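> attaching a predicted model along with its sequence, questions to come.
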Amino acid sequence: MLEGTKRISIWDPLRVLVMDVCGDMKNIGKSVEIVSSNPTTISMVVMYNTGLDVKIAKRDTFWPSYRQIRNDEVGGGMMVQFHAWLLVEEVTGLQAECGGLWLVVRGGVVEDEERVTVVGVVVCSKEDTEEQVLELLSKRLKLVKDKYGTSADVVVFVNKDLHHSFSLSPLPDLSLSRPAPGCSLLSSLTVQSLPLCQGGTLLSTRPTGCSLCALGFKETQQLDRHKESPAHRRNYLFWYYQKNKKDLIQNPHKLGLELSVVSAVQGVEMSSEQGVLEVTTVPGEEKVFKIQLKNNINLEESGGVEESAGIVVETVGIPSGEEVIRLSDEHNLTGEEDTKIRIRPGKRYRVMVTCCSNQVGQYKVPIMVAFYDEQRSSRVGEGYRLSHMAIELLMKVQTEEIITLLPTSPFTPPKKFEPWHTHETVKGRPPIRLDVEDSLMVKLPVGSYPVSDARRTVIGTRMQRTGDTKEEVVELINCRSLLDEKLTKDNYKDRWELLLHCEQWQEERDIRSFDMVGVAIKIERNSGLMVLEVPGLQENRPSVLKGDKLYVKESVRGLKEYEGAVHLVLEKKVWLGFSDKMVSKLKLGVVWDVRFSVSTFPLTNMHRAVKLAQSLSLTSSLFPSSTNLLPPKCHPKLQCYDKNVE
């Protein structure tokens, strides 16, 4: 139901559904129905009194297209589902006398300041008085302002009517309203509330920015003025084109307007793709041609009134504002002036297009035409509803070197690796190591630095969600605090260890994209090694070095994997040392699945370097201070033979 949830922008209104579940799982299902059926995308759903506990795993309560914050210890069990395109975090460090969750929504910059909105849902018990709740809110709001600044917007929902106490002792910069019976809403913004069901209220803020232009404003008047600007209109037209491209490139239009290319020079031609005009040029070369607008409707079809017959063209322009493509015409339809022309039945009008760029690359922009017909277009107030047409201009600026680098076949994204299930691993035959002694002093052995299961889970969720166990929750808090803090002598070792574990986790996932399925393996009789052909070895895709390990198993039915140690790497093939048990499996027609692995040797050396910096007290050199510096030496007083020099 939620797979098709529309994308939202940080500048869209923040819509928060607050719902009292009353411990009934059916109400959670009802909230899903509300979110999926609502005409506008709901940004966040906050549910309290869920009654959930550790018996229901957190992975079982995830929603498609949404992310989750869940705390079963407060508010009778609270769960937050927020849109995946929003950056939402739980506010930590607040007192917990009353149950509830406080969330911070980040994103966007308004007048050189980060836009921050704090959303709090406070769940009170029957024993809590209005005065106690209001006093607690005052303390928490002070902490919020200290942490996020006085410019942060605040929206707080309380499941208790605080009207009487608030009228006697109001909180500064906040207004109070009743979104539902027995509830209160404190906000520094203008928030609309709408009851959607029993116990469910939708809170909506006003838009504070333009999602098309990615600009934020503090006042709605500034937003209204921005929407009248030429830049916004161009961006709106480009968005409209992207949304309705299939209809806009239909040629001719049902009102009779037809777009075509005339006076075309070499390198300007219509593409096989519908509605696309290709212009091929070299850096610095200017291509000039004309686009013709023709009215194919005759006088009788247009209504027979000669004075008002014809198509009225308001504008011809490029919505994305590319400077490499310039438009010009006789009556300045392509300029900023408010100009219109009428194309009579059977007549035509031409617009000149000039393309020139000094940069190598591609520019793909639509040339759009806005027009109407006084006889057949519908009225809108005192004017007419505009129709639009477009022709997409694909400008390719190439050199001879670029042409030789063009792809020979369409790109196909790499397939996701399949789960690798085996019951047994047979060790391979490693290459012979030469025992070469050296005089280097070993301060610290290389050692092993494995990633714990809890840390793997936290890294896998991009440190956005808590896990199912206490260890994972503790690990998430530790990882977040390490990343939020500045690098210091005290956290140097722990922070670098976390970053190296993140690197290892990602490398282990990336290498799996090179896994091979259904390949043949041959044996070299002289050495007894297995020979495997690996595409991309020359480009280090994948990177395979001597001593690395590969794992193979029989395709489809293999439950036993064989470890192969790399003995030799050439341009297209690797020589692997497997156990003798695998030799009997090499029969004609048997194919194998291959799994690549990452060598941990470079990362373990980095771990050791970090550990050595800590153990050898090198952090004082990495973080120098004035106390660590030696006092300046006293230089002897110098006298020059020539006194004029002094």
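Now that the structure is in, tell me what you want to look at.
> from now on I want contacts and neighbour counts done on CA atoms only, so please keep to that.
Fine.
> next, the distance between the ends of stretch 353-360.
Length of stretch 353-360, first residue to last, C-alpha to C-alpha, to the nearest Å: 19 Å.
> no, scratch that, I was asking about stretch 137-157
11 Å.
> now do the buried residues in that stretch.
137, 140, 141, 144, 148, 152, 153, 154, 155, 156, 157 (16 or more other C-alpha atoms under 10 Å).
> same check on stretch 594-602?
Buried residues in stretch 594-602, counted by 16+ other C-alpha under 10 Å: 594, 595, 596, 597, 598, 599.
> just to revisit the earlier point, of the buried residues of stretch 137-157, which pair is most distant in space?
Spatial extent of the buried residues of stretch 137-157 (C-alpha to C-alpha) is set by the pair 148 and 157 at 19.0 Å.
> low-confidence ranges, the stretch 451-600 of the chain, go.
For the stretch 451-600 of the chain, applying pLDDT under 70 flags the ranges 466-467.
> and the stretch 301-450 of the chain, by the same measure?
For the stretch 301-450 of the chain, residues meeting the criterion pLDDT under 70 lie at 301-308, 321-322, 414, 434-440.
> now the strands for it?
Along the stretch 301-450 of the chain, counting by DSSP state E, counting those that start in this stretch, strands occupy 311-317, 325-328, 341-343, 348-355, 361-373, 379-380, 383-384, 387-397, 424-426.
> how big is the angle separating the fourth one from strand 387-397?
With axes from the mean of the first three to the mean of the last three C-alpha atoms, to 10 degrees as the criterion, the two stretches strand 348-355 and strand 387-397 enclose an angle of 30 degrees.
> quick one: contacts of strand 348-355?
Contact with strand 348-355 is made by 286-295, 324-330, 343, 395, as judged by C-alpha atoms under 8 Å, 6 or more residues apart in numbering.
> give me the pLDDT for the residue minimising distance to the centre of the chain.
The centroid of the chain falls nearest to residue 85 when counting by C-alpha atoms, centre = their mean (7.1 Å). pLDDT, residue 85: 90.
> follow-up on the earlier one: between the buried residues of stretch 137-157, which sits nearest residue 524?
The nearest one, if we look at the buried residues of stretch 137-157 relative to residue 524 and count by C-alpha to C-alpha, is residue 148, at 67.0 Å.
> list the contacts of the residue nearest to that closest one when sequence neighbours are not counted.
Leaving aside its sequence neighbours, residue 148 sits nearest to residue 116 (C-alpha to C-alpha, 6 or more residues apart in numbering; 7.5 Å). Contacts for residue 116 (C-alpha under 8 Å, 6+ apart) come out as 104, 105, 106, 107, 148, 151, 152, 153.
> those in helices, which ones?
If you go by DSSP state H, those have residue 148 in helices.
> please, where are all the helices along the chain?
According to DSSP H, the helices that the chain contains are 25-37, 130-148, 163-168, 220-227, 230-243, 245-248, 400-404, 453-460, 470-484, 492-511, 601-615, 619-622.
> any chance of JSON lines for those, columns distance to residue 410?
Converted to JSON lines, these look like this (distance: least, C-alpha to C-alpha, whole Å):
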{"stretch": "helix 25-37", "distance to residue 410": "37"}
{"stretch": "helix 130-148", "distance to residue 410": "49"}
{"stretch": "helix 163-168", "distance to residue 410": "65"}
{"stretch": "helix 220-227", "distance to residue 410": "40"}
{"stretch": "helix 230-243", "distance to residue 410": "23"}
{"stretch": "helix 245-248", "distance to residue 410": "23"}
{"stretch": "helix 400-404", "distance to residue 410": "15"}
{"stretch": "helix 453-460", "distance to residue 410": "32"}
{"stretch": "helix 470-484", "distance to residue 410": "40"}
{"stretch": "helix 492-511", "distance to residue 410": "22"}
{"stretch": "helix 601-615", "distance to residue 410": "36"}
{"stretch": "helix 619-622", "distance to residue 410": "49"}
